[in-house]
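1. sequence and predicted structure, then a few things I'm wondering about:
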Amino acid sequence: MTQEQGPDILRLKGILSFKDDPERYVVQGVHMIIEGNHQRKWKDAEHRDSRLVFIGRKLDEAGLRAGMESCLA
């Protein structure tokens, strides 16, 4: 996604939940530069959900959604 739409992604940030990973993964980026790391363990009552926010111009929403949904486990 960032290779195709990176120049138009002004900012992205989010929290990701990876299958069988007990820790939240926090990601942030600008254009095609993305970094992330584990933040902390998920709390027992916390809903494990991945959330990403994209701020940009002329972004292909359907393409971004399809790309993310193709990663679902």
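-> Ah, there it is.

2. sketch out the low-pLDDT regions of this structure for me.
-> For the chain, no stretch has pLDDT under 70.

3. name the nearest residue to Asn37, sequence neighbours excluded.
-> Val26 (6.5 Å; Cβ to Cβ, 6 or more residues apart in numbering). C-beta coordinates here come from the backbone N, C-alpha and C atoms, glycine included.

4. just want the most central residue of this structure.
-> Leu52 (4.3 Å; Cα atoms, centre = their mean).

5. confirm that one sits in a helix?
-> No: using DSSP: H, G, I helix; E, B strand; the rest coil, the assignment for Leu52 is strand, not a helix.

6. wait, isn't it in contact with Gly14?
-> Yes: counting by Cβ atoms under 8 Å, Leu52 touches Gly14, with 3.5 Å between them.

7. joint contacts of the two?
-> Val27 (Cβ atoms under 8 Å, 6 or more residues apart in numbering).

8. part of a helix, is Ile55?
-> No: the assignment for Ile55 (three-state DSSP) gives strand, which keeps it out of a helix.

9. which stretches in this structure count as helices?
-> Residue ranges of the helices in the chain, as given by DSSP state H, are 2-5, 61-69.

10. I'd like those as CSV, with mean neighbour count and distance to Arg48 appended.
-> Shown next, in CSV, are the helices of the chain (neighbours: other Cβ atoms under 10 Å; distance: least, Cβ to Cβ, whole Å):
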stretch, mean neighbour count, distance to Arg48
helix 2-5, 13, 24
helix 61-69, 12, 16
